[in-house]
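Student: what's the 3D shape of this:
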Amino acid sequence: MNHALVAGAVLLHVWFWGAGAALLLMPRPWHRFWPVVVVPTGLALQSAVVWWGAKAGWPGTNSYVWLAEAVPGGLLALAWGRHGWRRLRLDVERFGLVWAAMGASLALLALPLMIAGGGLTTVSLGSCDAADYAAGARVLQEFARTDRTGFLGLTEVVRVLSVDNFFDYWIRLNHFTPSALIALHGSVLGCGPHEVTMLVTAVLLAGSLPLVFWVSRAVLGYSGGVSLVLAGIYGVSPIPWYAYAHVAPGQLLAAQAVALLTWAGMALWRGRIGARRGFALAGLLGVGYWLILGSYNFFGIVCLVPVVACVGGLAVWRRAWRRGIEWCGWMLWPLAATGAVFWERVAGLADRLALLQTFDFGWKIPALTAEGWLGLVRGPDLSAWPVPGLRWALSAIFVGLLVWALLRTVGQRRRAGWVPVAFAVPVLAGYLFLQFRGTRLGTNASYDAYKLFAVFYPLLLPALCWWVTLRRSRRLHEWMLVVGAGAGVFVLNLAACGLFIWALAQAPLRVDRELPQLRRVEAMAEVGSVNLIIPDMWSRLWANAFLLRKAQFFESHTYEGRLNTPLRGDWDLSGGIVAVVPPEGGFRGITPRFSLTDVRASGRVRVTLGEGWHGDEFVPGAGERWRWTAQEAGFEVDLPGGAARVLRLTLEARSLGEREISLIGPEGSVAATPVRVGAERGRVSFGPISCPPGRSRWRLRSAEPAQPAGARDPRFVALCVYRMEFTTGGH
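Tutor: Residues are numbered from 1 along each chain as shown. This is a model prediction of the structure:
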């Protein structure tokens, strides 16, 4: 199935949901501009319907999705009756170039998936959040709130502070709205969460372009052409693309909400503050607050900072204290009303903040200097271009242009220059503080800094491009300078976008053909519970999402809601290079990579890899994995019971050259006849060997020293292992 067509279908579906509501909610002075708020309005309405479906106890979106389509259909019919088809068509056509930019952005977002080939799937450049969102989507797509089947009601594993079941975890604590959107669109398209998670994220990014255009045009006062260019730059900017590449839909939803709330706040301030305008804007304010509370509820604390800074500064300058207080009241009462409806999300905020303080989430992200604020970075890792001096030259150029434009605005006694300053300074101050904190403490605060920057980027990008106002001087050299700088920003952002496309086309993390086949385990009546013995986080989280109807236990802490506990499952689900085959039929092969072993079977052992193993390696898009060893690599065998057993170890392996491999037993001596492994992939066996009861440590030792892995690879490697198969025998 073509990824671009499915992404386009998702976007049109959001449009269908949002059109009627946007027509009804857009205040009269701006009524002909209703198309710019269709996407956030549609997303909020979809989230609200899934919320009420969950609250009503219905068994997932699969059970009511077509009934739910009557909601947007009714709203659209009502709006159509009020305004007529001709007027609506003209309003939509007015933004034709914006729709073209949005469509082009969506096509670019789908391009890496099409280059990689295969069916609908989800990929990531490093984050495993996609599997977490997909698990929530499946909860909302297939289960009722009262359902405690399998994993959902396994309190020992899923408890997170005040939440004791997996369904409520998504309602109260985790990113509800992104998973709700994935669930709803999955039900409409007949797809599983793993097939639409990436495309829904793409739609959230592309759907932000009309709001960036609107903020640039209606808030900062740029011309239509400049606003369109800024929206286009946002569509290829590495700042939001980084969120897309790591599948962070909650972040992109929050960015839309911030843009909508900021415009509504400025529109409220610039008019006559009173009941008429306050109630007219309340609906769109409610949409923005709903998106914030449903996705990044902890951002509700700071989502109004730029607009409060702007309005607060103007109120102080004009000494309009009463007007400022009235403005605050009209801005906050929709938040109170939305919070009352979304009360469980508000109540979960205390738990979410406690978790943020307890755990050092994320990873380290390079700090952006001034050129990076405009997206002038290398691409997938957000690092500066590796050309000596280029980073500082670009920073100096664009900071100089910005200061020049602001000084000219001040010299002309125009207050418009306060808006970009108020939007940018508080956010940049928070960003720099978090970067400094992360550097000083050695934590992942740079991850939080990036999220803060990215969520406010629909405001920051237009604000930091205030230098485009220099072209208004009617001086040819200034006009050419602005055009040249703008073209440079667009070209370098497009280059970074191209690097993202290339990286995503061969992404290291991908839902390959083997992972969805784990759903077969749910149909196995003899399998009541499983221990997820899967070494890599990505596969383990997706296995969790595919097996929600089975009780699951984890040997290591695997995200929130998946605590490590004693392994109480009846079956081990293995997914690395290790497979254990007991002698009495307690083995189920699921795929070449994944298998089940009955822990109750006589002769069951559990094997864990130890020191001397390099990380998993694989070809993107292929299911096969392998691991290289150092000269010596250990593993631990856990044999329950009080008697020794006979084991046979079969390796499927190769080496960079001919070498002799010995198996060293727990007592330190050679446990079996050494074998030889060559450059060609083959199978060799050790055994039979006697394994003592309890935990014992074994080692694979190469007689020849490890060799350098390659010219650009600093590792020293000996043996490349594709599979370690342990066959157990009698006592």
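Student: S662: what secondary structure?
Tutor: Following DSSP: H, G, I helix; E, B strand; the rest coil, S662 is assigned to strand.
Student: now it, nearest residue through space, not along the chain?
Tutor: Nearest residue to S662 in three dimensions, chain neighbours excluded: P674, at 4.4 Å (CB to CB, 6 or more residues apart in numbering). Using the backbone N, CA and C atoms, a C-beta is placed for each residue, glycine as well.
Student: L284 contacts A21, correct?
Tutor: No. Applying CB atoms under 8 Å, one finds L284 not in contact with A21, separated by 9.8 Å.
Student: re the thing from before, so the residue nearest to S662 sits right up against R659, yeah?
Tutor: No. Counting by CB under 8 Å, P674 stays clear of R659, with 10.1 Å between them.
Student: what about those two, which has more around it?
Tutor: R659 (20 against 14; other CB atoms under 10 Å).
Student: contacts only, for the more buried one.
Tutor: Counting by CB atoms under 8 Å, 6 or more residues apart in numbering, R659 makes contact with R676, V677, S702, A703, E704, A718, L719.
Student: which of these sit farthest apart?
Tutor: R676 and A718 (12.9 Å; CB to CB).
Student: more crowded one of those two?
Tutor: A718 (25 against 12).
Student: any idea how far A703 is from the more buried one?
Tutor: For A718, the distance to A703 equals 10 Å [CB to CB, to the nearest Å].
Student: ditto for G84
Tutor: From G84 to A703 the distance is 85 Å (CB to CB).
Student: and what of R415?
Tutor: Taking CB to CB, one finds R415 at 79 Å from A703.
Student: L90 too?
Tutor: For L90 relative to A703 (CB to CB), the value is 81 Å.
Student: same check on L596?
Tutor: L596 is 36 Å from A703, by CB to CB.
Student: and E652, that one's in a helix?
Tutor: No. Judged by three-state DSSP, E652 forms no part of a helix; its state is strand.
Student: next up, the contacts around it.
Tutor: By CB under 8 Å, 6+ apart, the neighbours of E652 are R681, G682, R683, V721, Y722, R723, E725.
Student: want to throw the residues you listed into JSON lines with distance to M331, neighbour count and secondary structure?
Tutor: Shown next, in JSON lines, are those (distance: CB to CB, whole Å; neighbours: other CB atoms under 10 Å; DSSP: H, G, I helix; E, B strand; the rest coil):
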{"residue": "R681", "distance to M331": "65", "neighbour count": "13", "secondary structure": "coil"}
{"residue": "G682", "distance to M331": "70", "neighbour count": "13", "secondary structure": "strand"}
{"residue": "R683", "distance to M331": "69", "neighbour count": "13", "secondary structure": "strand"}
{"residue": "V721", "distance to M331": "61", "neighbour count": "22", "secondary structure": "strand"}
{"residue": "Y722", "distance to M331": "60", "neighbour count": "16", "secondary structure": "strand"}
{"residue": "R723", "distance to M331": "61", "neighbour count": "18", "secondary structure": "strand"}
{"residue": "E725", "distance to M331": "64", "neighbour count": "17", "secondary structure": "strand"}
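Student: what segments of the stretch 251-400 of the chain are helices?
Tutor: 275-295, 305-318, 321-341, 343-347, 349-358, 370-373, 390-411 (DSSP state H, counting those that start in this stretch).
Student: considering these, which stretch scores lowest in mean pLDDT?
Tutor: Here the lowest mean pLDDT among the helices of the stretch 251-400 of the chain goes to helix 349-358, at a mean of 82.
Student: mind checking how far that helix is from the chain centre?
Tutor: Remark: helix 349-358 is offset 19 Å from the chain centroid, using CA atoms, centre = their mean, to the nearest Å.
Student: between that helix and helix 275-295, how big is the angle?
Tutor: 50 degrees (axes from the mean of the first three to the mean of the last three CA atoms, to 10 degrees).
Student: number of nearby residues for L700?
Tutor: Around L700 there are 25 residues (other CB under 10 Å).
Student: contacting residues around it?
Tutor: So L700 contacts G612, T629, E632, A633, G634, F635, L651, I661, S662, L663, I664, L719 (CB under 8 Å, 6+ apart).
Student: so what's the fourth one bridging to?
Tutor: Looking back up the chat, that one is A633. Using DSSP bridges, the bridge partners assigned to A633 are L700.
Student: number of residues surrounding it?
Tutor: Using other CB under 10 Å, A633 is surrounded by 23 other residues.
Student: the residue most central in space within the chain and G186: what is the separation?
Tutor: With distances taken as CA atoms, centre = their mean, A248 lies nearest the centre of the chain, 2.1 Å away. Using CB to CB, we find A248 at a distance of 19 Å from G186.
Student: one more: V6?
Tutor: Counting by CB to CB - V6 and G186 are separated by 11 Å.
Student: do the same with L205
Tutor: Counting by CB to CB - L205 and G186 are separated by 19 Å.
Student: what do you get for Q256?
Tutor: Applying CB to CB to Q256 and G186 gives a distance of 21 Å.
Student: where does the chain dip in pLDDT?
Tutor: 1, 603, 620-623, 730-731 (pLDDT under 70).
Student: 50 instead, please
Tutor: For the chain, no stretch is flagged by pLDDT under 50.
Student: domain assignment for it?
Tutor: As assigned by automatic domain parsing, the chain contains the domains 3-505, 513-601, 605-731.
Student: off-centre distance for the last one?
Tutor: Centroid separation between domain 605-731 and its chain, computed with CA atoms, centre = their mean, is 36 Å.
Student: numbering from 63 from now on, please.
Tutor: Shifting the count to begin at 63 puts that one at domain 667-793.
Student: one step back: okay if I get the contacts of L762 as CSV plus distance to G441?
Tutor: Formatted as CSV, the contacts of L762 follow (distance: CB to CB, whole Å):
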residue, distance to G441
G674, 34
T691, 33
E694, 39
A695, 35
G696, 39
F697, 39
L713, 39
I723, 41
S724, 46
L725, 45
I726, 46
L781, 35
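Student: ends of stretch 396-411, how far apart?
Tutor: 18 Å (CA to CA, to the nearest Å).
Student: which residues touch the residue nearest to S724?
Tutor: Applying CB under 8 Å, 6+ apart, the residues contacting P736 are E722, I723, S724, L725, A765.
Student: the third one: neighbour count?
Tutor: When neighbours are counted by other CB under 10 Å, S724 registers 18.
Student: wait, it touches E766, no?
Tutor: No. With contact defined as CB under 8 Å, S724 does not count as touching E766 (11.3 Å).
Student: can you count the residues close to the spatially closest residue to G336 that is not a sequence neighbour?
Tutor: Setting aside the residues directly before and after it, G336 is nearest to E388 in space (CB to CB, 6+ apart), at 8.0 Å. Neighbours of E388 under the rule other CB under 10 Å: 16.
Student: between L658 and A765, who's got more neighbours?
Tutor: L658 (23 against 12).
Student: so that one makes contact with G590?
Tutor: No. The criterion here is CB under 8 Å, and L658 misses it with G590 at 11.8 Å.
Student: need the contact list for L292.
Tutor: V274, F275, S278, Y284, L523, P524, C527.
Student: for Y304, find the nearest of the helices of the stretch 313-462 of the chain.
Tutor: Nearest of the helices of the stretch 313-462 of the chain (CB to CB): helix 432-435, 11.1 Å.
Student: restricting to C-alpha, output the closest one in PDB.
Tutor: Output of helix 432-435 as PDB, limited to C-alpha atoms (Å, rounded to 0.1, in the frame of the first residue of the first chain):
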ATOM      1  CA  ALA A 432      21.900  30.800  16.600                       C
ATOM      2  CA  GLU A 433      22.200  29.200  13.200                       C
ATOM      3  CA  GLY A 434      20.600  26.100  14.500                       C
ATOM      4  CA  TRP A 435      17.600  28.100  15.800                       C
END
